[in-house]
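no sequence on hand, only this structure:
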């Protein structure tokens, strides 16, 4: 599959009239998200894509989660023996990955009059088990800088229902997934009473788009 990734439009700082950073979780057990974890001979799952790519291109960086499980502003790379051991675990079942986390920016560009969503990073989330083997939660295993991966994800076909062939990048770009918003902040990450509980977690996640179009982005100025 040839990559058909289009470069992002240039957005001038002066034209940004509204922006928020959003963290969301995608559960691969949801039928709409099955392409995240499904695989066959011609299609990898989203965990296998970076593992195989990182082995082929050692200069590509794998970032360690910080204490909150976030990307830590991409300050700490996973390197050396830790990286080698992780990449040798090519059986993703060993990781028990069933969820992924996205970090993205929602930006209103006044010059073009459009709202854009740009994914900044993504992370596979491994199951955390308690002393009795019970599932006690999920945590990011590592973070990847999405702009660095867009072209690669644009060449990797995903196992999508039916006979439709779409790349991982296309599925993300078209927002063909279901997710839960877990955190919302402005890009300076100021608490500000958690921005009204993340403005009710971006008006209950996917409701944001219609609310912005029909109500106007002034609603988000505190």
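Arrived safely, thanks for sending. Here the structure is a predicted model, which is why all the values come from computation and not from measurement.

mind listing the strands for the protein?
16-27, 97-109, 114-129, 135-140, 144-145, 180-185 (DSSP state E).

output these in a markdown table; the columns should cover distance to residue 169.
Using the backbone N, CA and C atoms, a C-beta is placed for each residue, glycine as well. Output for the strands of the chain, formatted as a markdown table (distance: least, CB to CB, whole Å):
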| stretch | distance to residue 169 |
| --- | --- |
| strand 16-27 | 15 |
| strand 97-109 | 13 |
| strand 114-129 | 9 |
| strand 135-140 | 20 |
| strand 144-145 | 13 |
| strand 180-185 | 21 |
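
where does the prediction get shaky in this protein?
Where the chain drops to pLDDT under 70, the residues are 1-3, 41, 89-94, 163, 187-222.

is residue 106 bridged to anything, and to what?
residue 20, residue 117 (DSSP bridges).

how about TSV for the strands of the chain, with mean neighbour count added?
Listed next are the strands of the chain as TSV, based on neighbours: other CB atoms under 10 Å:
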stretch	mean neighbour count
strand 16-27	19
strand 97-109	20
strand 114-129	18
strand 135-140	15
strand 144-145	20
strand 180-185	18
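
compare the ones you listed and report which one is nearest to residue 4.
In terms of CB to CB, the element of these nearest to residue 4 is strand 114-129, at 16.8 Å.

quick one, that closest one and strand 16-27 angle?
Calculated by axes from the mean of the first three to the mean of the last three CA atoms, to 10 degrees, strand 114-129 forms an angle of 30 degrees with strand 16-27.

do you know how far the residue nearest to residue 175 when sequence neighbours are not counted is from residue 164?
Spatial nearest neighbour of residue 175, excluding adjacent residues (CB to CB, 6 or more residues apart in numbering): residue 117 at 7.5 Å. In this view, residue 117 and residue 164 are 22 Å apart by CB to CB, to the nearest Å.

quick one: residues contacting the spatially most central residue of the chain.
In the chain, the residue lying closest to the centroid (CA atoms, centre = their mean) is residue 102, at 2.3 Å. The contact partners of residue 102, taken as CB atoms under 8 Å, 6 or more residues apart in numbering, are 22-26, 119, 121-122, 179.

now do residue 107
11, 16, 18-19, 115-118.

ok, so of the residues you listed, who is nearest residue 57?
Nearest to residue 57 among those, with distances taken as CB to CB, is residue 118, at 22.9 Å.
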